Each structure stands twice: as C-alpha cells, then as structure tokens.
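**Q** task: produce atomic coordinates for the following.
(chains A and B, ligands or ions: 1)
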Amino acid sequence: MDSLIKLLKTNARLSNAEIAVMLDKTEEQIAEEISKLECNGIIKGYTAIIDEAAIDSNAVFALIELKVTPQSQSGFDEIAQEISSYEEVESVRLMSGGYDILVSVTGNNIRDISQFVSQRLAAIDAVQSTTTHFVLKNYKENGIIINNDQTDERGMISP
Amino acid sequence: MMDYDRLLSQEAVKMKPSGIRKFFDIAQSVEGVISLGVGEPDFKTPWSIRQSAISALEKGKTTYTANAGLIELRREISAYLKRLIRTEYNPESEIIVTVGGSEAIDLSIRAIVNPGDEVLIVEPCFVCYSPLVSLMGGIPVSIETKAEDEFRLTADALKEKITDKTKLLIMPFPNNPTGAIMCREDLEPIAEVLRDTNIFVASDEIYAELTYSGKHCSIAELEGMRERTVVINGFSKTFAMTGWRLGFMAGPEEIMRHVYKLHQYQIMSSPSISQYAAITALQSCFGDVAKMRNEYNMRRRFLVDSFNKLGLDCFTPQGAFYVFPSIKSTGLTSNEFCERLVQEKKVAVVPGDAFGKCGEGYIRVSYAYSINHLREAVKRIGEFLSELKEAENG
Ligand SMILES: Cc1ncc(COP(=O)(O)O)c(C=O)c1O
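**A** Residues are numbered from 1 along each chain as shown, chains lettered A, B, ... in the order given. Next comes the predicted model:
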C-alpha cells in the first residue's frame, strides 16, 4: 500500500508537515497528493475511531445478516443503497456466501436495535429474512487495537 | 562463613556493571514512564518464521545440531553473505551459527586476544566489547568518534592509537548508539592503514540490513581484508528475532578452526528450533525486512527533524534504529538530562556516556516504537526543554 495512505490510516491527524518529513517530500507535495486522493474519491473522509463502550456501557453494536430477493433491474444495488441511507446504519456490504447483505448498526440499547431490525429492515419487501448478531466485545476497529491489556514486554531500557 | 572475596574470580569482581543498568533502575522506579530506551525491534518476528519453528517443534526436531549449526542453514548464510557483502565463505569450514551476535563477539575476542594485547574499540559503541577484552587480559583502547565526522572512524584517529601491541580492531558499524554507518569510501582509508599490519578486525554488522542510504558495505569485502576480518551478524535485528538467540560469524578458515573449538566447549550447538526457523528467514523473508526498514526510515526522519527543531542538534544517522542528539545546549550532563527527563516528564532515553566516555553530551533515542508513541514522547521532551529554559530565564 502507498506509504501516505498507510500513514493516514494509522493516524489521520498527522500534519502535512510531519508526513512530509517522514516521507522525505515537501509539504506542498503532500498537500497535493492528499487533495488528489480526495478528488479521486480514494479518501472518502476522516473520522475518529471511538470505543463506544467506553463512553456508554449500555451502547450496543450489532451485525445483521440479510437475505434479499434481487430486483430485476438493479440486483441488490437499490436495496443496499436504501439501507445505506438510514442514519443508524454504519456500514453496508454485499456478501458472497450464505446471505446477501451485512449491515452494522450501533444503538443505545438492545431494544433500539430490535426495533430497527423489525420495523425498518424486515419491513423492506425484498428482505426475506434477518439474523441479528450482538457484539459482546470489540478488540480491533479499523486497524486500531481497542481492547489492549498487553504491555510492552521489552521493558524500559536495554543496550 | 564463606569468604566470597577469596572465592570469586578477580576478573568477575573487577567487571563493571553496564552503565545502562544504573539508569534502568531509576527509570523502573518511576510510575507511568513511556520509553524510547530499548535496543530491539518493536515488530514481531514475521509469521512464516514463527510457523517454521512451530513445524520444527511438531516434527520433534529437538536434538543438538552439528556444532557449527545445521549445514542447510550455513549454506543459506553463505549465499546470503555473498549477496550482502559480496564475499564468499565456505559453509563447511568458515561459518559458525552462534547464540546471537553476542556469542560471536565473545568468540572473536577469545580467539584472538592474549594477555597484554591492545584491542581498539571504536566508541561510542555497544557495551560488551570492552569488558570481554578485559576478561581475556587484553587492554581495551578507545578510539573516539565525533559528531563532526558523523561518528565515523577516520584513518587518522585509527593511526594515532596503533602501537606494536595492537592486535584487534572492533568495527561496530552500523553503530549502536549513534546510527553512524561507514560506506565504501569511508572504509577504504581504514583498510589502507590495516593492510600492511598484523592487526585483525572483528566487524560487528548486526544492523547491516538497517541501512537507509545506499547498500551496506563490509570492511571484509575490500581488497586484502577478507583474510584479516571476521564478520559478525545475526537474526535479532534484521528479522526481529531477538528472543530466538541466533547469530553467526564468518571468517578465514585458519581462524574459524579455533573459534570452532571455543564454541563447541562453550555452547555445543545453537538452539535447534531457532535454526530451522532461520532457514525460512533467509529463504523467504526479505520482503518483511524491507517493510520494517521502510517503517524505521519514516520514524528516523521524523525524529531527526523533531530533535533539530527542538534545538537539540542531531546529525542524520544512516543506520540501525537510533538517533543520537546532542544535549550540550542544555548545560546538563547526559545523566542529569536523562534522570530529570524521566522524573519530570516520564520519558526514558539512555545517557550517551553509557556507550563510552565520548558519548557524554548526547542521548540515545531508539525509534523501535510506533509513530504515535514517538510523537507523544517528542511532545514531552519539548515541554521539558521549554521548562528548562524558563527556569534558566526566570
Ligand atoms: C551492536 C550490537 N552488536 C550485537 C548485539 C547483540 O545482538 P544479539 O546477541 O541479539 O544478536 C547488539 C544488541 O543490541 C548490538 O546492538
């Protein structure tokens, strides 16, 4: 992977000046490369990786598998786009294998999510069935370790 | 009551504890310290190497190997040295697989030094050379390198220290703690001085793969030098395998024949599982090495830039994973600087004088840490320096 993208993925808040030093380029070059990545739609946005459970221990995260009847013209696209437009939904993916679409959702509690599944998702005509998995604990998100009790085994000082 | 004073070997008693040890105790006593103090990779050993070890264990490859190491491994090492330093060593008689570069260093010194011999040690450097020389009754003679020479050894500095007792020169490049390297043009004048002497060279090239400008060059590959050099290298830094305890040493057969005996009586053979894993390392893991090197390189540029911006002069090292900024502008000694930094800002770095007297006025900062870790540490060092200045002015 491109070094610039890799750096931004580990920390999008690095300044252009810092990145320029690390990659041995000028600040202007970095600014230009980033704006190109943004224009080309390769970088879609910058976001914070949040440990939701640390803010609110009741917060619930769920993955929902959907079996969907493909539409004659658009296949799965129309339905997937419709689901993507719901505010509660964090990610929507078309899958190979035993089901068709995987949706991830965060809610304040289990009831919120149950309601969302039964009233919004299951209500879509093309959706044949739903299977909801509640997440028990989150260890890694977007490449960042979230639950880490590991200490640096190397100790503090060595020759 | 045991009379331990009479019991103990005088050489063991005389041996000074490493300068790092003392600072380690101080850093250890402070809560919540973030460290830039270790001399080993933060990466895990590449998975395929670990897998080979698991497979060797499953197959029960748990016996002693040939004393000099598995012949398959020695053949791989021989091929590797040909690629790395363009020098040929016979896997049957000129290569020994050791317990880390550490054992190879010890063997080189033991095989060559007689009581009263002078051994030239290029400082600042890794901590074990001088005590091991003393243990053999040899006399360690420091050659100081300087920031204005980018901590390279110069022919003049070398000539100045050569006497008719000089037996061995220890060449520690790429260097721990300075990060200095010696390229072919720097090595040629050194070889020129040595060619018509009977001085032998032990070249510690454990960081050879962590060279950021151009290719690594060994003094052994210069004309007339193979016959007067042993090359020390290993798996610890290159493949992030410090805990596997595996290194190797290569040199002319006339020397290695005797080194072999020392190794045989001391060690028997290096760990078998590590050796099987190391074959995989040399056969298929240079992609991983390149990735790690890239990552180190970014961190290196970041730290050099950061320290220079903070007003701590820092030359741009081209090797290993350390930077060695000067702290002379603060008016503190290396020890004062490091102790106060760890007490006041909870950042641990190593005082430069732990690596030789001429390291005074410098600190060793390791970048075997993630960028985010380094940024936090740099921020704290910045605060420390501002507070020092305020205290001075206020
Ligand atoms: C310059 C140098 N040589 C040799 C060693 C020993 O490494 P090992 O015994 O793990 O191969 C080290 C370790 O820090 C080192 O920095």
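**Q** any idea how far B:Leu135 is from the closest residue to the ligand within the stretch 1-150 of chain B?
**A** Distances between the stretch 1-150 of chain B and the ligand by CB to the nearest ligand atom are smallest at B:Gly100, namely 2.5 Å. All C-beta atoms are positioned from the backbone trio N, CA, C, and that covers glycine. For B:Gly100, the distance to B:Leu135 (CB to CB, to the nearest Å) stands at 18 Å.
**Q** hang on, A:His133 is in a strand, isn't it?
**A** Yes: assessed with DSSP: H, G, I helix; E, B strand; the rest coil, A:His133 lies in a strand.
**Q** ok, it - contacts?
**A** With contact taken as CB atoms under 8 Å, 6 or more residues apart in numbering or on different chains, A:His133 is in contact with A:Ala62, A:Leu63, A:Ile64, A:Glu65.
**Q** what do you get for A:Asp125?
**A** So A:Asp125 contacts nothing (CB under 8 Å, 6+ apart).
**Q** which SS state does it fall under?
**A** coil.
**Q** circling back: of the contacts of A:His133, closest to the ligand?
**A** Nearest to the ligand among these, with distances taken as CB to the nearest ligand atom, is A:Leu63, at 44.4 Å.
**Q** and the closest one, how many neighbours does it have?
**A** 15 (other CB atoms under 10 Å in any protein chain shown).
**Q** helices or strands up against the helix or strand containing it?
**A** Following DSSP states H and E, one finds A:Leu63 within strand A:60-68. Judged by 3 or more CB pairs under 8 Å, 6 or more residues apart in numbering or on different chains; DSSP states H and E, strand A:60-68 is in contact with strand A:101-107, helix A:110-115, strand A:127-134.
**Q** and the residue lying closest to A:Lys9 once chain neighbours are set aside, how many residues sit next to it?
**A** Spatial nearest neighbour of A:Lys9, chain neighbours left out: A:Gly143 (6.0 Å); criterion: CB to CB, 6 or more residues apart in numbering or on different chains. A:Gly143 has 9 neighbouring residues, counting by other CB under 10 Å.
**Q** quick check: A:Gly143 touching A:Leu8?
**A** No: A:Gly143 is beyond contact range of A:Leu8, at 11.2 Å (criterion: CB atoms under 8 Å).
**Q** and the helices in chain A, which stretches?
**A** Along chain A, the segments classed as helices by DSSP state H run A:3-10, A:16-23, A:27-39, A:52-55, A:77-84, A:110-115.
**Q** identify each buried residue in the first one, please.
**A** Neighbour-count burial for helix A:3-10, counted by 16 or more other CB atoms under 10 Å in any protein chain shown, picks out A:Leu4, A:Leu7, A:Leu8.
**Q** got it, and the third one?
**A** In terms of neighbour count (16+ other CB under 10 Å), helix A:27-39 has its buried residues at A:Ile30, A:Glu33, A:Ile34, A:Leu37.
**Q** nearest to B:Leu388 among the residues you listed?
**A** A:Ile30 (32.4 Å; CB to CB).
**Q** and for A:Gly155, the neighbour number?
**A** By other CB under 10 Å, neighbour count at A:Gly155 equals 14.
**Q** who touches it in this structure?
**A** Counting by CB under 8 Å, 6+ apart, A:Gly155 makes contact with B:Phe24, B:Ser35, B:Val38.
**Q** quick one: the strands in the stretch 101-250 of chain B?
**A** Taking DSSP state E, counting those that start in this stretch, the strands of the stretch 101-250 of chain B run over residues B:118-123, B:139-144, B:166-171, B:200-204, B:229-234, B:247-250.
**Q** tabulate these in JSON lines, adding columns for mean pLDDT and distance to A:Asn109.
**A** Putting the strands of the stretch 101-250 of chain B into JSON lines (pLDDT from 0 to 100; distance: least, CB to CB, whole Å) gives the following:
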{"stretch": "strand B:118-123", "mean pLDDT": "98", "distance to A:Asn109": "65"}
{"stretch": "strand B:139-144", "mean pLDDT": "98", "distance to A:Asn109": "68"}
{"stretch": "strand B:166-171", "mean pLDDT": "98", "distance to A:Asn109": "67"}
{"stretch": "strand B:200-204", "mean pLDDT": "98", "distance to A:Asn109": "62"}
{"stretch": "strand B:229-234", "mean pLDDT": "98", "distance to A:Asn109": "56"}
{"stretch": "strand B:247-250", "mean pLDDT": "98", "distance to A:Asn109": "57"}
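**Q** using CSV, lay out these together with mean neighbour count and distance to B:Pro17.
**A** CSV is the format used below for the strands of the stretch 101-250 of chain B (neighbours: other CB atoms under 10 Å in any protein chain shown; distance: least, CB to CB, whole Å):
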stretch, mean neighbour count, distance to B:Pro17
strand B:118-123, 24, 18
strand B:139-144, 17, 16
strand B:166-171, 23, 21
strand B:200-204, 25, 22
strand B:229-234, 28, 24
strand B:247-250, 28, 24
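**Q** all set now, cheers.
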